[in-house]
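# predicted model, plus sequence, below.
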Amino acid sequence: MASTTLICDTQPWKDLKAHTEDIKKTHLRDLMNDKERCESMMVEFDGMFLDYSRQCATLETIDKLYKLAEAASLKQQINRMYSGEHINSTENRSVLHVALRAPRDAVINSDGKNVVPDVWNVLDKIKDFSEKVRNGSWVGATGKPLKDVIAIGIGGSFLGPLFVHAALQTDPEAVEFAKGRQLRFLANVDPIDVARNIAGLNPETTLVVVVSKTFTTAETMLNARTLREWISSALGPSAVAKHMVAVSTNLTLVEKFGIDPNNAFAFWDWVGG
Ligand SMILES: O=P(O)(O)OC[C@H]1O[C@](O)(CO)[C@@H](O)[C@@H]1O
């Protein structure tokens with residue numbers, strides 16, 4: 001059973017709080033002169049290098065943080081997450097975004113079912129579709145390859161894709177593949193933003209991706225309907241199946257909206273919205 005003690009009432013919290021007052025008296029420049037400290041605050045794993053030595057923290061701080069993690073039962077909580085327990089108590093569900101990046105042979109259960117094979121089915125489907133768009137074998141209603149993408153979504157359904165986009169902007173291979181293509185984000189209901197998003201784009205060569213966990217979010221659905229109209233008024237209603245795809249947990253609503261279920265990329269309740 002979960003502890004009812006608030007973390008701020010524990011001794012490790014109080015120790016850390018007192019320690020922060022001490023550390024404020026030391027300038028970062030002096031901390032950086034401590035070679036042992038700096039070397040201990042750099043780690044490398046699998047080609048990734050993390051240097052957290054430029055924080056106002058000493059080895060004693062790290063020790064106190066570990067003690068706090070122990071008091072919070074951090075390891076046990078991580079294990080509960082990985083084993084699919086309903087740790088999101090307000091929504092009574094598992095929290096398994098880790099399953100989205102698990103290897104094919106991993107076993108991660110939610111409500112008694114290994115979710116990893118479903119994840120890989122969708123990842124393979126996304127790869128297959130995006131490769132067709134990239135190599136031009138997926139064509140729009142008038143037979144032209146799709147070169148530009150508008151991503152509709154708000155909140156996490158906007159920030160997640162934006163994060164990946166920002167990260168890849170400095171990757172030379174991604175930059176090369178993105179040449180001649182535009183990716184735009186439509187993340188609010190300001191009509192000026194819609195106008196700005198579609199300015200200079202041709203519906204014949206544009207793909208619209210609607211990202212919404214629920215597929216009911218008012219702002220997202222309004223923007224999705226506006227762009228559905230943009231496409232169908234230019235190319236006819238049947239063009240929607242070629243020019244709009246969705247990422248959602250609610251495949252019933254996706255289909256009702258007019259998006260081909262074959263071009264709907266599912267995810268699950270246990271992914272945070
Ligand atoms: O992905 P959805 O269901 O469209 O929701 C978008 C956003 O709206 C919220 O539900 C509420 O702002 C966020 O949690 C979420 O990121």
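Perfect, I can see it now. Numbering: from 1, shown residues only.
# where does Val247 fall, phi/psi-wise?
phi -120, psi 110 (degrees, to the nearest 10).
# show me what contacts it?
With Cβ atoms under 8 Å, 6 or more residues apart in numbering as the criterion, the residues that contact Val247 are 157, 209-212, 264-265, 267. In short, each C-beta sits where N, CA and C put it, glycine included.
# ditto for Ser248
210-215, 254, 264-267.
# count residues in the vicinity of the residue nearest to it when sequence neighbours are not counted, would you?
Distance criterion Cβ to Cβ, 6 or more residues apart in numbering; nearest residue to Ser248, sequence neighbours excluded, is Phe215 at 4.6 Å. As a burial measure, Phe215 scores 25 neighbours (other Cβ atoms under 10 Å).
# look up how far Ala239 lies from Phe215.
Using Cβ to Cβ, to the nearest Å, Phe215 is found at 20 Å from Ala239.
# repeat that for Lys75.
Taking Cβ to Cβ as the measure, Lys75 falls 52 Å from Ala239.
# neighbour count for the two, which is higher?
Just comparing Lys75 and Ala239: by other Cβ under 10 Å the higher neighbour count belongs to Ala239, 19 against 10.
# out of the contacts of Val247, which sit inside strands?
Counting by DSSP state E, the contacts of Val247 place 209-211, 264-265 in strands.
# would you turn those into a markdown table with neighbour count?
Shown next, in a markdown table, are the ones in strands among the contacts of Val247 (neighbours: other Cβ atoms under 10 Å):
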| residue | neighbour count |
| --- | --- |
| Val209 | 19 |
| Val210 | 27 |
| Val211 | 26 |
| Ala264 | 21 |
| Phe265 | 18 |
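# which parts of this protein sit against the ligand?
With Cβ under 6 Å from any ligand atom as the criterion, the chain comes near the ligand at residues 154-157, 212-214, 217, 220, 273.
# any idea which of these is least confident?
Minimum pLDDT across those is recorded for Gly273, with 83.
# check contacts around that residue.
Gly273 is in contact with 155-157, 213-214, counting by Cβ under 8 Å, 6+ apart.
# one more: Gln169?
By Cβ under 8 Å, 6+ apart, the neighbours of Gln169 are Val175.
# which stretches in the protein count as strands?
Ranges of strands within the chain are 42-45, 48-51, 109-110, 113-114, 148-152, 183-186, 206-211, 244-248, 264-266, based on DSSP E.
# columns mean pLDDT on top of those, output as JSON lines?
Converted to JSON lines, those look like this (pLDDT from 0 to 100):
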{"stretch": "strand 42-45", "mean pLDDT": "96"}
{"stretch": "strand 48-51", "mean pLDDT": "96"}
{"stretch": "strand 109-110", "mean pLDDT": "96"}
{"stretch": "strand 113-114", "mean pLDDT": "96"}
{"stretch": "strand 148-152", "mean pLDDT": "98"}
{"stretch": "strand 183-186", "mean pLDDT": "97"}
{"stretch": "strand 206-211", "mean pLDDT": "98"}
{"stretch": "strand 244-248", "mean pLDDT": "98"}
{"stretch": "strand 264-266", "mean pLDDT": "97"}
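# tabulate those strands (a markdown table), appending distance to Leu227.
A markdown table is the format used below for the strands of the chain (distance: least, Cβ to Cβ, whole Å):
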| stretch | distance to Leu227 |
| --- | --- |
| strand 42-45 | 42 |
| strand 48-51 | 37 |
| strand 109-110 | 33 |
| strand 113-114 | 35 |
| strand 148-152 | 7 |
| strand 183-186 | 7 |
| strand 206-211 | 5 |
| strand 244-248 | 7 |
| strand 264-266 | 16 |
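# for those strands, which one sits closest to Ala69?
Minimum separation from Ala69 across the strands of the chain (Cβ to Cβ) falls at strand 42-45, 16.2 Å.
# neighbouring contacts of the closest one?
Contact with strand 42-45 is made by 49-53, as judged by Cβ under 8 Å, 6+ apart.
# quick one, helices of the stretch 1-150 of the chain?
11-23, 28-32, 35-40, 59-71, 74-82, 116-135 (DSSP state H, counting those that start in this stretch).
# just the buried residues of the fifth one, please?
For helix 74-82, a neighbour-count test (16 or more other Cβ atoms under 10 Å) marks 80-82 as buried.
# and what of the fourth one?
Buried residues in helix 59-71, counted by 16+ other Cβ under 10 Å: 61, 64, 67-68, 71.
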